[in-house]
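Peer 1: The sequence isn't on hand, but the structure is:
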């Protein structure tokens, strides 16, 4: 049975992944045509069969894997550049407070390592900058990654409006989730997508907002896109989907069984 989740918030804290434990019982499913952003390209790796020997078990191994998996500018396509600061510290973890304001804390014990990178399509004549981000998190166990994904849905419903940082808000959210194998979603164990509106003191708004998160084994991979004046929904969605697909392919290369 599929369910579409609707609210008026987004939930990636400053373009990152999400916080603390994720209650797997909160998972919900959404139809692929329910209004949320489309998932990773069909060209992305199908749900992988990992080699246990290649799965990271230490922080150092997790950081090494993240470096091989996380998106780079060309993962999104041409014209995308690094933003400054480019990388978040691996010791920061976004948590949505009771006041619906995102704040940075230390990662939960379940997290072996996590890293976020920031990008943009620069402004040009008649068009504002598209802000992009990618996050890869390696948990100690598969169930920990599933908890992270499920909590993302709870966050969307709990806070009608969320503040990313001073002067930045996201809202009017439509969120959807699919299990692996549902509606031809064969790229991950669990897949979430959220679309809504973004506004900031810098670029105005509201503008289109998109976020996707895929869970594969003990890993979560998230991509965020924030639109701007003159940028279409299709333009932002294409950037997000392309980077998500690239990271899924890179994850498969890093951990799948080798013949």
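Peer 2: Cool, the structure landed. Keep in mind it's a predicted model, so treat the numbers as computed, not measured.

Peer 1: in what helix or strand does residue 60 lie?
Peer 2: helix 59-69 (DSSP states H and E).

Peer 1: In that helix, which residues are buried?
Peer 2: Neighbour-count burial for helix 59-69 flags 62-63, 65-66, 69 (criterion: 16 or more other Cβ atoms under 10 Å). (C-beta placed from N, C-alpha, C; glycine too.)

Peer 1: What helices and strands are in contact with the helix or strand containing residue 154?
Peer 2: Taking DSSP H and E as the definition, one finds residue 154 inside helix 142-158. Applying 3 or more Cβ pairs under 8 Å, 6 or more residues apart in numbering; DSSP states H and E, we find helix 142-158 packed against strand 4-6, strand 130-139, strand 168-179, strand 190-200, strand 204-216, strand 219-226.

Peer 1: what packs against the second one?
Peer 2: Identification of packing neighbours for strand 130-139 by 3+ Cβ pairs under 8 Å, 6+ apart yields helix 59-69, strand 111-121, helix 142-158, strand 219-226, helix 233-255.

Peer 1: winner for burial among the ones you listed?
Peer 2: Sort the helices and strands packed on strand 130-139 by mean neighbour count, taking mean count of other Cβ atoms under 10 Å, and strand 219-226 sits at the top with a mean of 29.

Peer 1: low pLDDT regions in this structure?
Peer 2: Within the chain, the stretches with pLDDT under 70 are 1-47, 177-188.

Peer 1: Quick check: the residue sitting nearest the centre point of the chain vs residue 139, distance?
Peer 2: Centroid-nearest residue in the chain, with Cα atoms, centre = their mean: residue 222, separated by 2.0 Å. To residue 139, residue 222 is 13 Å away according to Cβ to Cβ, to the nearest Å.

Peer 1: so how far is residue 213 from residue 220?
Peer 2: 6 Å.

Peer 1: Residue 245 too?
Peer 2: From residue 245 to residue 213 the distance is 14 Å (Cβ to Cβ).
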